[in-house]
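Trainee: generate coordinates for the sequence data below:
(chains A and B)
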Amino acid sequence: MNKIVNTSNITGLEDASYLLSRYEITEKDISNIKKYGKIIVKRLDEYVVHFYEWMKNQPEYTEFFSNDKMLISVQNRQIEYWQEFFAGEINNDYFEQRRLVGETHARINLSLDSYLAGANKSMTILMEDLYDNSLSAKAYAEAVASASKLVNLDSSIIVSTFAELTNRTIAEQSETLMKMSTPVAAIWQGILLLPVVGIIDSKRAQDIMNAMLIKIAETQSKVIILDISGVGMVDTAVANHLIKITKATKLMGCECTISGLSPAIAQTIVELGIDVDSIATTANLKDALESAFSSTGITIKASP
Amino acid sequence: MKTNELRFHIASEFDVKLAVLQAGKFASAIDSNETVVQKIMTTVSELAQNIVKYAGVGHIHVRKICRSDIVVIEIIAEDTGPGIRNIELAMGDNFSSGGTLGLGLPGVKRLMDEFHIESNAKDGTSVTAVKWIHDK
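Mentor: Below is the predicted model:
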């Protein structure tokens, strides 16, 4: 039960046979599907007509199929898909084609729901509407059951490819956001400020440290303020990173003040039992700035 | 949609972040006290990171439970990893087999109101941590 098949990377027959046995598809099922294929494959043009009569009334039609060229290409691919399906050759090419379908749906943002609804409708057209009654009742029932199994297997590949690509997109987006979110700014002669927003993980902590140290070297600043009022959560790992950042800046001759500790975060840090004696902290940015001015010898006066 | 239970599959730092953010939202819908929300998020973060670090894969459940006298938020972290060799040692401050502060488990115990841990090499590790929410 714990075996995880990476459907994006089916290379060996071992995975193919694993999926076939997982969906309980036997030699008999394949032969049932092939037998039914002899009836239906020659009528796939009719299938396309039926399918798009239905599709026209679906909400996604105008958005995705209004372009004639696009429509014809999709229809051709659909015919190929079902030809492969009824040919019953379940091998790497077969899986690769299913993977492509999932990939295409994910890329153009066509929902899984519309794929599954389409697969469902296709089965109705192929197994009921276009059936010519040429098989015995028993053989027909078996063909329907076998085809359903294979459709489920197809769906599983398409769904997992779709999910994998969607997750990858989310991960990439969050990475991009993080890259943008280490803006170290010189706010005064000798004083740097870095506001951090969101959740800090070890990768991001490393980015923050790098950005700070580089900027310190560039500007020869004596004070850096790390404002964490926008940080949602502090745990032992984040606290550990903050301590390390403070130590590293100190080595470069720059004092680091961490500002913006909320009451909730202060309490949590104390109860976690973290020794914060080595870091300078303030409740807000204003206090941090005042102490930065005084330690760099700057006095601010209102004009008389 | 109102739900009284969250379940997360934890296998990467990305999963940890997602679980922390969602558990935070979940907790703030039950109790608006920021300290409570912070403690829930920190607990989920510590336990989920332990899963990634020591077991690789596991699950986190976050539930709201109405007891006769009190409403609680229960966090369960489960994995089938190698288990903790010496629980007493792991529950002591500043012990870490992973090169970090070593305050995660004892810290979580202090943050929460109830804490229970079971671990062995055969079944892996299961941690249950409960926070009492006083206003029902």
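Trainee: hmm, the least confident helix or strand in chain B by mean pLDDT in reach of chain A?
Mentor: Within chain B, judged by mean pLDDT, DSSP states H and E, the helix or strand with the poorest mean is helix B:87-90; its value is a mean of 85. No. Counting by CB under 8 Å from any CB of the partner chain, no contacts exist between helix B:87-90 and chain A, the nearest distance being 13.3 Å. In short, each C-beta sits where N, CA and C put it, glycine included.
Trainee: so how far is that helix from its chain's centroid?
Mentor: Between the mean C-alpha point of helix B:87-90 and the mean C-alpha point of its chain there is a distance of 17 Å (CA atoms, centre = their mean, to the nearest Å).
Trainee: try stretch A:85-98
Mentor: Using CA atoms, centre = their mean, the mean C-alpha position of stretch A:85-98 is found 26 Å from that of the whole chain.
Trainee: start to end distance for that stretch?
Mentor: By CA to CA, to the nearest Å, the extent of stretch A:85-98 from end to end equals 10 Å.
Trainee: now do the buried residues in it.
Mentor: Along stretch A:85-98, the positions that meet the burial threshold by neighbour count (16 or more other CB atoms under 10 Å in any protein chain shown) are A:85, A:86, A:88, A:90, A:94, A:95, A:97, A:98.
Trainee: pLDDT score assigned to the most centrally placed residue in chain A?
Mentor: Chain A has residue A:167 as the residue nearest its centroid, 1.3 Å off, counting by CA atoms, centre = their mean. Residue A:167 carries a pLDDT score of 84 in this model.
Trainee: what packs against the one helix or strand it maps to?
Mentor: With elements taken from DSSP states H and E, the one containing residue A:167 is helix A:137-180. Using 3 or more CB pairs under 8 Å, 6 or more residues apart in numbering or on different chains; DSSP states H and E as the contact definition, the elements that helix A:137-180 packs against are helix A:13-22, helix A:27-40, helix A:68-87, helix A:92-108, helix A:112-124, helix A:202-219, helix B:13-30.
Trainee: ok, now with 10 Å
Mentor: Other helices and strands packing on helix A:137-180, by 3 or more CB pairs under 10 Å, 6 or more residues apart in numbering or on different chains; DSSP states H and E, are helix A:13-22, helix A:27-40, helix A:68-87, helix A:92-108, helix A:112-124, strand A:191-198, helix A:202-219, helix B:13-30.
Trainee: could you export the ones you listed as a markdown table, including mean pLDDT and distance to residue A:231?
Mentor: Listed next are the helices and strands packed on helix A:137-180 as a markdown table, based on pLDDT from 0 to 100; distance: least, CB to CB, whole Å:
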| stretch | mean pLDDT | distance to residue A:231 |
| --- | --- | --- |
| helix A:13-22 | 76 | 43 |
| helix A:27-40 | 93 | 55 |
| helix A:68-87 | 90 | 46 |
| helix A:92-108 | 85 | 32 |
| helix A:112-124 | 91 | 35 |
| strand A:191-198 | 91 | 6 |
| helix A:202-219 | 90 | 10 |
| helix B:13-30 | 91 | 12 |
